[in-house]
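> here is my input; please provide its structure:
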Amino acid sequence: MADQERIFQEYFQLSNPERDRAKGLGLALQSCVDWRACSDAAFCCDPYRGGVSCFAVELPAAVAVPMRSDTDNLPMSTSGGLILVVDDERAIREAMQALLMDWGYEVITARSGAEMVSNIANCPVRPSAIICDYRLPGDENGIDVIRMLQSEYNEELPAMLITGDTAADRLIEAKASGLLLLHKPVPNAKLRAAIGSLTAPSSPFDDNIEDG
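Reported below is the predicted structural model:
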C-alpha cells in the first residue's frame, strides 16, 4: 500500500480531496499512534488485502482516576462580551456556543456570512470577537466573512480563523491574512487563551498562540 505511512499523519485521508467532513477528519489513525507512544498499547496493521485493511489496538486495563478538564485551573471570564461564531457544521457551532457560554460570553452562531449578517441585524451589542471556520460552503471562506462582518460594524473587530485544512496554498492564504490562525482540533485552554489575547484592551494578540 503506497500510502501506508501517510495515513497515520494528522488529517490525511485517501479519496477525500474535497475534505468532506461527513467522511471523517483523518485523525483516528494518528490518535492510535499517540496512544501507542504514551501507553503500553499494542498496535498492528494488516495491510490492504482484497479491498479491506485491518487495524487493531490492544490497551492494558486502566485504573479509574478522577476526570480533569484542561481548563480546571483557568479563571472564569469576568469581562464577558459577545462572540460571533461562524462554522458550517451544526455540531461544532453548538459545542462552541455551549463552551463559550460556560466561560461567561454571549454567543451568536451562523453557518455562513450571510446568515450571520441576518442574525446580528437587530443586535445592538458590539461583538468582542469573531471566530470563523476557514472553509465554508461554496466559494465562501473565513477571511472574506470576517472582513465582511468587520465592514458591517465599520471597525476592525478582533477575529480568528480556525481550520482543519492542510492544503499548503490555503494555509499560506490564511496566514497571509494577518488573522490569528488556530488548527483543529483546538484544545480548550488554547482557544481560551486566544480569545483572552484578542479581547485584551489595547493589546494585540500574542503571536506565540498561533500554531503551525
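> and the protein, what are its domains?
Split into domains by automatic domain parsing, the chain comes to 6-58, 82-209.
> rounded mean pLDDT for the shortest one, please.
Spelled out, that is domain 6-58. For domain 6-58, mean pLDDT rounds to 63.
> the longest one too?
Confidence over domain 82-209 (mean pLDDT, whole number) is 88.
> so what's residue 116 closest to, chain neighbours aside?
Distances taken as C-beta to C-beta, 6 or more residues apart in numbering put residue 110 closest to residue 116, at 3.6 Å, once the chain neighbours are dropped. Backbone N, C-alpha and C define where each C-beta goes, glycine included.
> tell me what that neighbour is bridged to.
residue 86 (DSSP bridges).
> so what's it up against?
Residues in contact with residue 110 (C-beta atoms under 8 Å, 6 or more residues apart in numbering) are 84, 85, 86, 93, 116, 118, 119.
> please redo it, this time with the cut-off set to 7 Å
Applying C-beta atoms under 7 Å, 6 or more residues apart in numbering to residue 110 gives the contacts 86, 116, 119.
> okay, now residue 88: neighbour count?
For residue 88, the count of nearby residues is 17 (other C-beta atoms under 10 Å).
> which residues touch it?
Per C-beta under 7 Å, 6+ apart, neighbours of residue 88: 111, 112, 133, 136, 137.
> how close does it sit to residue 114?
Distance check for residue 88 against residue 114: by C-beta to C-beta, to the nearest Å, it reads 12 Å.
> ditto for residue 134
17 Å.
> one more: residue 53?
42 Å.
> what's the answer for residue 178, then?
Using C-beta to C-beta, residue 178 is found at 24 Å from residue 114.
> out of the two, which sits in the more crowded spot?
Using other C-beta under 10 Å as the criterion, residue 178 and residue 114 rank with residue 114 on top: 12 against 8.
> in JSON lines: the contacts of residue 110, plus neighbour count and distance to residue 183.
Formatted as JSON lines, the contacts of residue 110 follow (neighbours: other C-beta atoms under 10 Å; distance: C-beta to C-beta, whole Å):
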{"residue": "86", "neighbour count": "27", "distance to residue 183": "17"}
{"residue": "116", "neighbour count": "23", "distance to residue 183": "22"}
{"residue": "119", "neighbour count": "14", "distance to residue 183": "26"}
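> between those residues, which is closest to residue 195?
residue 86 (14.9 Å; C-beta to C-beta).
> could the contacts of residue 110 be laid out in CSV, adding distance to residue 165?
Putting the contacts of residue 110 into CSV (distance: C-beta to C-beta, whole Å) gives the following:
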residue, distance to residue 165
86, 15
116, 20
119, 25
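> just the residues you listed now: which is nearest residue 145?
residue 86 (5.5 Å).
> ok, that closest one - contacts?
Here residue 86 is in contact with 110, 112, 113, 116, 132, 133, 145 (C-beta under 7 Å, 6+ apart).
> give me that answer again for 10 Å
93, 96, 108-113, 115-116, 119, 130-133, 136, 140, 142, 145-146, 149, 159, 162 (C-beta atoms under 10 Å, 6 or more residues apart in numbering).
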